[in-house]
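Asker: Requesting a structural model of the entry that follows:
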Amino acid sequence: MNANLSAAGPIPVSVAPEIMADIQAEFSREWQRLCDDARRGALAPPSDRRFSGDAWAANGSHLLLAHTYLLSARAMSRMVDAAQVSEPMRDRLRFSIMQWVDALSPSNFLALNPDAQQSIVESAGRALNEGLANLLGDVKKGRITQTDESQFEIGRNVATTPGEVVFENKLFQLIQYAPSTDAVHELPLVIVPPNINKFYILDLQPENSFVRHAVGQGYTVFLISWRNPVAGDTDGVDRATWSDYLDDAVLQALRVASDITKQPQVNALGFCVGGTMLASALALAEARGEHPVASLTLLTSLLDFHDTGILKVFVDEAHALLRDHQLGKGGLMPGRDLATTFSFLRPNELVWNYVVGNYLKGQKPPPFDLLFWNGDSTNLPGPFFSWYFRNTYLENNLKVPGRAQAAGMSLDLTRLRMPAYIFGSREDHIVPWVSAYASTQVLRGPQRFVLGASGHIAGVVNPPAKKRRSYWVADSLEQAGHSLPGDPNTWFAQAAEHPGSWWPDWTEWLSGHSGKQVKARTKLGNAKHRPIEPAPGRYVKVRAA
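Answerer: Numbers count the residues shown, from 1 in each chain. Have a look, this model is predicted:
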């Protein structure tokens, strides 16, 4: 998803003369004030945390430099806001300016960062040597280290919920998790995570594992572990299409879970891209007259791609054509490229923060399971990515009945009438919550929309025991039997905030669609689908080159 802002040549940008004059006048006034304060020794440290260290406050010239940088950044932001361009172009300009401004922060350069210089002096040069070693190590890995990766191992202290792989093909392994309760709900739960990342974001450590929580609530849980294709593969996985993923992966997983549990229907949950794939697969099943699920849960997923937030700056016909040409008939979309794109959506937090800490100060980042997962990227088959990029982000075809096709069938998501639990995160920059809410206008069954606090990942991974954050629901609308309003802000005006995790709300809702309680079966799989290997399986351990 690398943006190509200059594909059409130079971008003509103009600002109304009177507005430009006002911006220049304000800059001059603020610059004069900063100089006056600096001469009097009255320049206060800026609130920006990049310049909050004692070394910045103790050095007047560096402090003036920091303030000048921030003043210039504000002036550039005002010019973008005032530019006489279309809103899509303004968004691109805003994103481009953000990249340059954040990259040019004085804190990112050793010669201009007194904190980093102090670290070198106080460590008698050790910080400089360790910073260079960190830099060389990351150059070899081809990515910035965001956590102490030596503290984590898949299957040892992340992705540890007990279970067995009960099915595999060239696209995925299906894990069935062992029950932890004597009785379980009759209908199983099948989880479809995004194939753009590894599944274990939903099974990190025991205390924050969504999978372990669901198992502990008495659900028989199955989960897709996606294949991470690499350049050396020779089985044609690099030519896998969107249709292949719907038919041979998502629907196949539902069939296997149904066969093992002897239930004609299952409950299904999709997270992020996994939710888009799941809903599309169910539309494909619907077109064939099949109804494999009793309920649908979508977590921070897009069905209507009208507003994709900051990601829209990467989307245009030229980029789609480039990907069609590069990948449409085969090849791999490197996980490295996707990971870099998502990191630069929040460059100060996910890029420059580590440049300063790892390289300038010679620090080792602390262990953090979520960032270990974040650094474990996955490759995607080119035809799959090419179809997905064009039909969702560019053309928004899924929301229009019959416009998108898979396996020779027209997809109509408006024919999906099963009960649906739809979750959005309020500060999500990947799937804006209003866009997650837009799924309520695509699906046609009874719905419950829940809005969680925080962002794309932290909003979802919020275990109840920690008693953190909050969530919003509009019970009055559901109790009255009304359809959810088309305007998300109308819904929010009637929603009530509840403290803590949304997980108990979801498990209570799911229990109403999961049948009676039955004795848990300790033997996993069945005669047709025998256990292949213990969870988490081989596929999740393959690293993207």
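Asker: so where is this structure shaky, pLDDT-wise?
Answerer: 1-13, 480-482, 545 (pLDDT under 70).
Asker: same thing but at 80, please
Answerer: Scanning the chain with the threshold set as pLDDT under 80 gives 1-13, 478-482, 545.
Asker: which non-adjacent residue is nearest Val293?
Answerer: Ala268 (4.5 Å; Cβ to Cβ, 6 or more residues apart in numbering). In this view, the C-beta of every residue, glycine as well, is placed from N, C-alpha and C.
Asker: So what touches the host helix or strand of the one you found?
Answerer: With secondary structure defined by DSSP states H and E, Ala268 is part of strand 266-271. For strand 266-271, the external contacting residues (Cβ atoms under 8 Å, 6 or more residues apart in numbering) are 187-194, 201-202, 219, 222, 254, 257-258, 275-279, 282, 292-301, 460, 510, 513-514.
Asker: Just the residues you listed: which are in helices?
Answerer: Leu254, Ala257, Ser258, Gly275, Thr276, Met277, Leu278, Ala279, Leu282, Leu510 (DSSP state H).
Asker: tell me the two of the residues you listed that are most distant?
Answerer: Greatest spatial distance in the ones in helices among the contacts of strand 266-271: Ser258 and Thr276, 21.9 Å, computed using Cβ to Cβ.
Asker: more crowded one of those two?
Answerer: Thr276 (23 against 19; other Cβ atoms under 10 Å).
Asker: if I pick that one, what's in contact with it?
Answerer: Gly270, Ser301, Leu302, Leu303, Thr392, Leu398.
Asker: just checking, Phe27 touches Ala73?
Answerer: No: look at Phe27 against Ala73 with Cβ atoms under 8 Å: they stay out of range, at 11.1 Å.
Asker: count of residues packed around the closest residue to Pro432 other than its chain neighbours?
Answerer: Excluding its sequence neighbours, the residue lying closest to Pro432 (Cβ to Cβ, 6+ apart) is Gly309, at 4.4 Å. Applying other Cβ under 10 Å, we find 18 residues neighbouring Gly309.
Asker: again with Val450
Answerer: 20.
Asker: which residues sit in contact with it?
Answerer: Contacts of Val450 (Cβ under 8 Å, 6+ apart): Tyr421, Ile422, Phe423, Gly424, Tyr471, Trp472, Val473, Trp502, Asp505, Trp506.
Asker: Look up phi and psi at it.
Answerer: phi -130, psi 130 (degrees, to the nearest 10).
Asker: what do you get for Ala453?
Answerer: Dihedral angles of Ala453 (phi, psi; degrees, to the nearest 10) stand at phi -70, psi 160.
Asker: Please identify which of the contacts of Thr276 is nearest to Ala453.
Answerer: The closest of these, once distances to Ala453 are taken by Cβ to Cβ, is Ser301, at 18.0 Å.
Asker: What number of residues are in the vicinity of the closest one?
Answerer: 26.
Asker: returning to what we had before: I figured the residue nearest to Pro432 hits Val434, correct?
Answerer: No: Gly309 lies out of contact with Val434 (Cβ under 8 Å); the separation is 9.3 Å.
Asker: got the residue ranges for the strands in the stretch 251-400 of the chain?
Answerer: Ranges of strands in the stretch 251-400 of the chain, per DSSP state E, counting those that start in this stretch, are 266-271, 293-299, 332-333, 380-381.
Asker: Run through who's touching the last one.
Answerer: Think strand 380-381. Taking Cβ under 8 Å, 6+ apart as the rule, strand 380-381 contacts 195-196, 229, 237-241, 330, 332-333, 335, 338.
Asker: And the third one, by the same measure?
Answerer: Residues from elsewhere that reach strand 332-333, judged by Cβ under 8 Å, 6+ apart: Pro229, Val230, Ala231, Asp238, Arg323, Leu327, Asn379, Leu380, Pro381, Gly382, Phe385.
Asker: at 6 Å what do you get?
Answerer: Applying Cβ atoms under 6 Å, 6 or more residues apart in numbering, the external contacts of strand 332-333 come out as Pro229, Asp238, Asn379, Leu380, Gly382, Phe385.
Asker: related to what we said a few turns ago, out of the contacts of Thr276, flag the one nearest to Val540.
Answerer: Looking across the contacts of Thr276 and measuring by Cβ to Cβ, the closest to Val540 is Gly270, at 18.0 Å.
Asker: Measure how buried that closest one is and give me the count.
Answerer: 27.
Asker: measure it to Met409 for me?
Answerer: 19 Å (Cβ to Cβ, to the nearest Å).
Asker: burial of Ala527, as a residue count?
Answerer: Neighbours of Ala527 using other Cβ under 10 Å come to 6.
Asker: how would you label it: helix, strand or coil?
Answerer: coil (DSSP: H, G, I helix; E, B strand; the rest coil).
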